[in-house]
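**Student:** Build me a structure from this.
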Amino acid sequence: MLVWRRVLSIDESREVSQLNSLLQQHKPSRSARDTVKWDQSDKFSVRSFYVKAVNQMVNAGSVDSLVCSVWQKLAPPKVEFMVWLALLGKLNTRGRLVKKRMIPEELNHCTFYLNHIEDIDHILLSCPVSWSIWKSIAADMGVQLVTEENLRNFYASWISKRFTNKTRRKLWLASFFSTLWSLWMQHNGILFKQHTMNMESLYQIIKWRVATWSRAWEEKIPYSAELLVQNFQSIPMLFN
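**Tutor:** Got it, this is the predicted structure:
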């Protein structure tokens, strides 16, 4: 019998039930030797693996192309992974921790703006602090933002923006990753390291991250990271 150190959430309890059901279908025999089998056989082939993988994809339904679009190599892998989790609603905000029964409901308030509960859409988008940062970054890049219902729609709107200059579009997309990552890191810094909110500092960090990440792209930008940060608001003219 499996023993848990904390009370499981509803989703976790459902997964445990599925695991127990799966385990009950298998009854090990002490007198038999362990063997390795593949699909009721001891013979493995790449073709059989491919067939099973295709069947799994068909049974799993359609692929979420919007979420999959985060893997663009415009930011470090850990950043793209964080954005992927955010779009799936899997970041451990206070609201999600309440649902997991890890913290009491009365602690569910925005880390940036105490007068609101903390979920992903609020802390990373609609919070007055976060939205102010988003608008400032977009304004520097010559774009006026419109409000969206949630983070997923906001991301879809962001990546749908087209530019004639390829490098400018990459900088625009990288700005999304940098802003989202920086807001989440600021959130964690306040919670776990007693950092204080400094919006001007956060704004500068976002620009520095975009400029630094761009050094690793295939296209070589003819400006140093320092010059790019200093002239961030001139990106629409530099890459038109």
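**Student:** Tell me which residue of the protein is furthest from the middle?
**Tutor:** Going by CA atoms, centre = their mean, the residue of the chain most distant from its centre is residue 31, 48.2 Å out.
**Student:** CA atoms only: put the lowest-mean-pLDDT helix or strand in the chain into PDB for me.
**Tutor:** Each helix and strand of the chain was given a mean pLDDT (mean pLDDT, DSSP states H and E); the minimum falls on helix 46-60 at a mean of 73. The C-alpha trace of helix 46-60 is given here as PDB (Å, rounded to 0.1, in the frame of the first residue of the first chain):
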ATOM      1  CA  VAL A  46      11.900   0.200 -34.800                       C
ATOM      2  CA  ARG A  47       8.800  -0.300 -37.000                       C
ATOM      3  CA  SER A  48       6.800  -1.800 -34.100                       C
ATOM      4  CA  PHE A  49       7.900   1.100 -31.900                       C
ATOM      5  CA  TYR A  50       6.800   3.600 -34.600                       C
ATOM      6  CA  VAL A  51       3.400   2.000 -35.000                       C
ATOM      7  CA  LYS A  52       2.800   2.100 -31.200                       C
ATOM      8  CA  ALA A  53       3.900   5.800 -31.100                       C
ATOM      9  CA  VAL A  54       1.500   6.700 -34.000                       C
ATOM     10  CA  ASN A  55      -1.300   4.900 -32.200                       C
ATOM     11  CA  GLN A  56      -0.600   6.800 -29.000                       C
ATOM     12  CA  MET A  57      -0.700  10.100 -30.800                       C
ATOM     13  CA  VAL A  58      -4.000   9.200 -32.500                       C
ATOM     14  CA  ASN A  59      -5.600   8.100 -29.200                       C
ATOM     15  CA  ALA A  60      -4.300  11.200 -27.400                       C
END
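**Student:** related to what we said a few turns ago, which pLDDT does the model give the residue farthest from the centre of the chain?
**Tutor:** The per-residue pLDDT reported for residue 31 equals 83.
**Student:** Distance check, the residue nearest the centre of the chain against residue 71.
**Tutor:** When CA atoms, centre = their mean is applied to the chain, the residue found nearest the centroid is residue 83 (1.8 Å). When distance is defined by CB to CB, to the nearest Å, residue 83 is 10 Å away from residue 71. Every C-beta, even on glycine, is put in place using the N, C-alpha and C of the backbone.
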